[in-house]
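1. here is the input, now give the coordinates:
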Amino acid sequence: MDAQQIKQMFIQKFGESAVAPRVFHAPGRVNLIGEHIDYNGGYVLPAALEFGTTLVVREREDGVIRLASTNLPEEAQIKVDEIGLNKTGQWTDYPVGVMVELARRGYPVSKGYDLFYHGEIPNGAGLSSSASIEVVTGYGLLSMGGYDRDTVQIALLSQAAENNFVGVNCGIMDQFAVANGKKDHAILLMCDTLEYKHVPFQTGSYKLVIGNTNKRRGLVDSKYNERREQCTAALDRLRSCKADLNYLAEITPSQFEDYKSALTDETVRNRAQHVIEENARVLASVEALTANDLQEFGRLMNLSHDSLRDLYEVSCAELDVMVEEARKIPGTLGARMTGAGFGGCTVSLVHEDDVETFVRQVGENYEARTGLKGEFYVCGVGEGVEELSSN
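-> Residues are numbered from 1 along each chain as shown. Have a look, this model is predicted:
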């Protein structure tokens, strides 16, 4: 659905007006490589997707904010002086939380608006539909108010909205990638410091194919906490070898060979090995993509999944089956799980001539082996949040 069609739906919903609406768009995101290392001082390499959330906004004269969506039936109507007083547990909490954070930062929403959202990101697919809603809301309302639109600050206030108002303790990667994405580029990001740079990702005749296992991720929270504790244990032990060590990812793979005997617990040693080698894979991926070496990048994707499966143990049978089937397609350069694990999505780099075969064959074989029906989204790397032409 294009912007003009969404504007027509906006008018059907909210009626005609002499005031022309403005249209904004924020993408979804996928992490290409660099899993479970952000909290260990490592780099991540996310990219914005070509599809995301479109927002149509129009000013009102009565100090009322109305929120509606093409995707979900819940709507909200709030007076400007009552923003943030009530939480509903519905999707509308995300944009309301952004309004609360804007006010905290000195950019209060002081006028009424009609806000109409159209999302192309499948809910629960792990492609950051919530971050997309938050970022497009922040960018759109700052634009409407005539304020500066600093995309790093928009990412931070969007994360704060999710942490403080919605009540989800997410990190910064999702909002940062959505706000600061760039077409045909990935983002090398250090989550602690927000040091980042855009890395060329010229996929040429290759497409990203995201596979949703549709496996419910029931173990994520408990296992995530367990992995963090194991990484902390590894860090404490390795300080006997390197006293000034702040994060596991500061260690190089060659140093780890010298130090790993200090880790007598095999499980703790495996966790540390994944973190250290995964961080090195992210940096090697930057070199490969800068050199436009997609074959090497695909190889690193494969190594990443194998490490997440064997050393960090955050994969699951369904993710492994989808990755195994993906790798059987001749045009697949690399395939790996993406996200926290125990379900969710895979990401594969597939030649465009083989995409149709990939979707059919991987889908059929995945369902035959798991009893679950997978879903596939074919896309390229798109722009971060932006205002679309009103024509």
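
2. CA only for contacts and neighbour counts going forward, please
-> Will do.

3. so residue 13, which of the three states?
-> helix (DSSP: H, G, I helix; E, B strand; the rest coil).

4. tell me the contacts of it?
-> Not one residue lies near residue 13 by CA atoms under 8 Å, 6 or more residues apart in numbering.

5. what does the pLDDT read for it?
-> Looking at residue 13, its pLDDT reads 95.

6. what's the answer for residue 390, then?
-> Looking at residue 390, the pLDDT reads 64.

7. can you check residue 121 too?
-> The confidence metric pLDDT takes the value 82 at residue 121.

8. low-confidence ranges in the stretch 201-350 of the chain?
-> For the stretch 201-350 of the chain, the stretches flagged by pLDDT under 70 are 218-220.

9. could I get the full set of helices for it?
-> Along the stretch 201-350 of the chain, counting by DSSP state H, counting those that start in this stretch, helices occupy 220-238, 253-259, 266-290, 294-310, 317-327.

10. how about the contacts made by the closest residue to residue 277 other than its chain neighbours?
-> Leaving aside its sequence neighbours, residue 277 sits nearest to residue 253 (CA to CA, 6 or more residues apart in numbering; 5.9 Å). Neighbour list for residue 253: 273, 276, 277, 280 [criterion: CA under 8 Å, 6+ apart].

11. swap in residue 246?
-> residue 235.

12. give me phi/psi at it?
-> Per-residue torsions, residue 246: phi -100, psi -40 (degrees, to the nearest 10).

13. got the contact list for stretch 326-339?
-> With CA under 8 Å, 6+ apart as the test, stretch 326-339 has contacts from 30-33, 35, 126, 294-295, 297-302, 304-306, 315, 319-320, 323, 344-351, 353-355, 357-358, 362.

14. now the buried members of these.
-> Neighbour-count burial (16 or more other CA atoms under 10 Å) applied to the contacts of stretch 326-339 gives 30-33, 35, 126, 294, 297-298, 300-302, 304-306, 315, 319-320, 323, 344-351, 355, 358, 362.

15. quick one: the strands in the stretch 101-250 of the chain, in order.
-> Under the criterion DSSP state E, counting those that start in this stretch, the stretch 101-250 of the chain contains strands at 112-119, 185-190, 195-200, 206-212.

16. what number of residues are in the vicinity of residue 195?
-> 10 (other CA atoms under 10 Å).

17. which one is it nearest to, not counting chain neighbours?
-> The shortest distance from residue 195 to any non-neighbouring residue, by CA to CA, 6+ apart, is to residue 189 (5.9 Å).

18. hey, what's the one you found bridged with?
-> residue 44, residue 196 (DSSP bridges).

19. tally of neighbours for it?
-> So residue 189, with other CA under 10 Å, has 23 neighbours.
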